[in-house]
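Trainee: what follows is a predicted structure for the sequence shown.
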Amino acid sequence: MTNHWLRCMQGILIRETLRFFQQRERFLAALVRPLVWLIVFAAGFRTALGLSIIEPYETYIPYEVYVVPGLAAMVILFNGMQSSLSLVYDREMGSMRMLLTTPLPRWYLIFCRLLAGSFVSILQVYAFLLIALAVGIDLPASGLVTLLPALLLGGLMLGSLGLVLAAAIKQLENFAGIMNFVIFPMFFLSSALYPLWKMQETSETLYWICQINPFTHVVEFIRFSLYWQVAPAHIGWSLLAFALFAGAALWIYSPARGLKGGGGPPGR
């Protein structure tokens, strides 16, 4: 039985990884977005956004150093949503429905799919961080190791959200609109591009929206992990969001229909 479970996980991981490497445009797009922010926008915002000493930093830092964890989380966010697009395609073509007909538990199949998406996200993030180091961004090299748990949890949490959103998409043409409605508010209403105390100076309401945004806690978990520090509150909120999104994804996926409301003939 254990061999069947491992073989299933291995198959899904290999399939998603090969799909990622075969789609070179997807890999380049995943790097272009954060690099544009890091190299182009950071140069303009560097003088406009002065930063005070905030945790986990022990001294003043340039803006491009502050923004790196947020851009790493952005890579995970976009990949999680893009994995949802592939899920919509799989649902229409029947491969996901075929997986649901296997004797393995439904929660395990969903977890394997999330894990595979997270693994691809982690590859993208490390590629981005290596380029950031190459262009002279001052990052702790040892933090690349302690960063891994934060990237994994962030990938699982945002991937679970993507699975939930995929249930609302019945046609591929609707994907872009729904994703933009989710991605951009989550990204800009967070601490990815600016510390929250700056948002608080402008609007108390927006500040509290940023505080309850689960993406904010993923960003801060990554930020603290990069500097060998533990952030219990951000870890706790990230775990809670993952549990809620994963539970919703597990409930939405029906072994008889593939996705509730997905239409079409049953998979069994």
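Mentor: Happy to help now that I have it.
Trainee: start from the N-terminal end of this protein and give the helices.
Mentor: 2-22, 24-36, 42-48, 63-93, 95-100, 106-134, 143-146, 148-166, 175-188, 196-202, 204-212, 214-226, 232-252 (DSSP state H).
Trainee: list the residues that contact the spatially closest residue to residue 223 that is not a sequence neighbour.
Mentor: For residue 223, ignoring the flanking residues on the chain, the nearest one in space by Cβ to Cβ, 6 or more residues apart in numbering is residue 69 at 3.9 Å. To be clear about C-beta, it is placed using only N, CA and C from the backbone, and glycine gets the same treatment. By Cβ atoms under 8 Å, 6 or more residues apart in numbering, the residues touching residue 69 are 192, 219, 220, 222, 223, 226.
Trainee: so where's the stretch 151-268 of the chain uncertain?
Mentor: 167-176, 253-268 (pLDDT under 70).
Trainee: again, only this time at 80
Mentor: 166-180, 198, 252-268 (pLDDT under 80).
Trainee: surely residue 74 meets residue 187?
Mentor: Yes - counting by Cβ atoms under 8 Å, residue 187 is a contact partner of residue 74 at 6.0 Å.
Trainee: of those two, which one has the most company?
Mentor: residue 74 (25 against 19; other Cβ atoms under 10 Å).
Trainee: for residue 161, see how far away the more buried one is.
Mentor: In this view, residue 74 and residue 161 are 14 Å apart by Cβ to Cβ, to the nearest Å.
Trainee: now swap in residue 110 and tell me
Mentor: Counting by Cβ to Cβ - residue 110 and residue 161 are separated by 13 Å.
Trainee: okay, the two: which has more neighbours?
Mentor: The neighbour comparison of residue 110 against residue 161 (other Cβ under 10 Å) goes to residue 161, with 25 against 21.
Trainee: so who does that one touch?
Mentor: Taking Cβ under 8 Å, 6+ apart, one finds 80, 182, 214, 241, 245 in contact with residue 161.
Trainee: could you rerun that using 10 Å?
Mentor: 77, 80-81, 84, 182, 186, 214-215, 241-242, 244-246, 248-249 (Cβ atoms under 10 Å, 6 or more residues apart in numbering).
Trainee: who touches both of residue 74 and residue 187?
Mentor: With Cβ under 10 Å, 6+ apart as the test, residue 74 and residue 187 both reach 193, 215, 219.
Trainee: wait, which of those is closest to residue 64?
Mentor: Of all the shared contacts of residue 74 and residue 187, residue 193 has the smallest distance to residue 64: 11.5 Å, by Cβ to Cβ.
Trainee: quick revisit: which of the contacts of residue 69 are buried, as a PyMOL select command?
Mentor: A single PyMOL command suffices to select whichever of the contacts of residue 69 are buried according to 16 or more other Cβ atoms under 10 Å:
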select buried, resi 192+219+220+222+223+226
